[in-house]
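K.L.:
Requesting a structural model of the entry that follows:
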Amino acid sequence: MSTRQASDAEDPIIESRDQLVAPMANGEKPRENWRIGTEHEKLVYRRSDHAAPSYDEPGGIRDLLVELQEFGWRPVKEGGKIIALSGPDGAISLEPAGQLELSGAAVENLHQTCEEAGRHLAQVKAVGERLGISFLGLGMWPDKTRAELPIMPKGRYEIMLRHMPRVGSLGLDMMLRTCTIQTNLDYSSEADMAQKFRVSLALQPLATALFANSPFTESKPNGYLSYRSHIWSDTDPHRTGMIPFVFEDGFGYERYVDYMLDVPMYFVFRDGKYIDAAGLSFRDFLDGKLSVLPGEKPRQADWWDHLSTAFPEVRLKSFLEMRGADGGPWNRICALPALWVGLLYDQGALDAAWDLVKHWSMEEREALRNAVPKLGLDAPIHGGRTLRDIAPEVLAIARAGLAARGALNSSGDNETGFLGPLDDIVASGTVPAQRLLDLYHGEWAGDVTRVYEESF
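P.N.:
Numbering: from 1, shown residues only. A predicted model of the protein is given here:
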């Protein structure tokens, strides 16, 4: 989630609808300038007792951020406290309960993506050795209650934590207990954006199934393969889900602007502080009628902030964000962008993927999204098939797309090898959560703490 550092009085006031469309329209890039952004979160725990460290304790989250600066990261502060880092590999930030996130820099190919992820994981491991902390790649805390988790000192999180129980029963779990891997990709035009949005939204449940990795809640199986995905179904209906209008004729930037204007606000950032605007209307803000800032109209940065507060399965800002996957270990960090780059960055692959999903009805898409957290690859789709049936075909399309890109490393290898972990999952028919459950019921003898031996 983005971290604001300052409010700028020179930032232009929004006077026209064109300024609302501008972030999306200005995101258009020629193919040669398309980049890959990868975000991944991980759970941080003390080795001595597996507890989640607080921000202020010795060897805790603050100390982790401070010591990471030895690798060239620069501090970002809020209220005098370091809450994020910036550097050539992107940004390191904190989720509400101290989950550590790398929002990677925009890179040209998947080889660079994995090099970036490797550098980051080496750095946090090195610091973790000194502080007595480690990192866990899962979609959700396997054993912690909400009450056992710390809260990070970020103003926007205070607002969201107050607001979440008003709009859903699982929003606090989303904030405090979950982790994801996310891929951010570019588009060349409004039509290209629309096709990529439709394909990635339709196939997002397949990513959820392949990366399903959150089968435990408070030390017991929870009946789901991706409980993280289930959590989103009861977080806030105004800002989550499959957003059906994406598949309607004429979909484009203007329609997404209308959607975002209907998403209730969370906050406004002024003078270095977050002002609680939870549940208020951005449309009222445009009219100078926002109750917490009477007479004031939004600036461009306020709109950028607002765009970051919707959480559909795929999100549009100045790029497209694929948001369906659970957190996982290092090799699956690289596999997620490989899947989406292969499907979306080659026109032949994109057309083939659209041909696969274009006949699905909206009811079928919604049913698939609702089924996949429990059923994984067995979730049913159009024509009496399951995700298990189409997964090999989707991976074949992605592989062809990656091969067509011809992005080689110094050894002459293209990017197709990064699909390897997904090939293994599809060949075995067993998603990561099912492997964890097999261990829990077998070798672990019901002791979920054994998962900590599976750290990064």
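K.L.:
can you give me the strands in the stretch 351-456 of the chain?
P.N.:
380-381, 385-386 (DSSP state E, counting those that start in this stretch).
K.L.:
Now do the first one, average pLDDT.
P.N.:
The average pLDDT for strand 380-381 rounds to 96.
K.L.:
F211 contacts D326, correct?
P.N.:
Yes. Between F211 and D326 a contact is recorded at 4.9 Å, counting by C-beta atoms under 8 Å. Glycine gets a C-beta too; all of them are placed from N, C-alpha and C.
K.L.:
Residues that sit against both of these two, list them.
P.N.:
139, 181, 226, 432 (C-beta atoms under 8 Å, 6 or more residues apart in numbering).
K.L.:
tell me the pLDDT at E10?
P.N.:
79.
K.L.:
Equivalent analysis for Q19, please.
P.N.:
At Q19, pLDDT is 98.
K.L.:
if we can go back for a sec, which of the shared contacts of F211 and D326 are buried?
P.N.:
In these, burial by neighbour count holds for 139, 181, 226, 432, counting by 16 or more other C-beta atoms under 10 Å.
K.L.:
Name all residues that make contact with the residue nearest to the last one when sequence neighbours are not counted.
P.N.:
To tie it back to what came earlier, the one meant is P432. Distances taken as C-beta to C-beta, 6 or more residues apart in numbering place N213 nearest to P432, at 4.4 Å, with adjacent residues excluded. Shown in contact with N213 (C-beta under 8 Å, 6+ apart): 137-139, 226, 228, 326-328, 431-433, 436.
K.L.:
Columns distance to H238 on top of the residues you listed, output as CSV?
P.N.:
Compiled in CSV, these are given as follows (distance: C-beta to C-beta, whole Å):
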residue, distance to H238
G137, 31
L138, 28
G139, 23
S226, 22
R228, 20
D326, 24
G327, 25
G328, 29
V431, 30
P432, 31
A433, 29
L436, 33
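K.L.:
Spit out the contact partners of the residue lying farthest from the centre of the chain.
P.N.:
Most distant from the centre of the chain: G295, at 35.1 Å, with distances by C-alpha atoms, centre = their mean. Neighbour list for G295: G288 [criterion: C-beta under 8 Å, 6+ apart].
K.L.:
and the gap between it and D389?
P.N.:
58 Å (C-beta to C-beta, to the nearest Å).
K.L.:
Mark which of the contacts of N213 are buried, thanks.
P.N.:
For these, buried by 16+ other C-beta under 10 Å: 137-139, 226, 228, 326-328, 431-433, 436.
K.L.:
taking these one by one, which sit in helices?
P.N.:
Among the buried ones among the contacts of N213, the residues falling in helices (DSSP state H) are 228, 432-433, 436.
K.L.:
Count the residues that sit near the nearest residue in space to G406 that is not next to it in sequence.
P.N.:
Excluding the flanking residues, the one nearest G406 by C-beta to C-beta, 6+ apart is N414, at 6.4 Å. By the criterion of other C-beta atoms under 10 Å, N414 has 18 neighbours.
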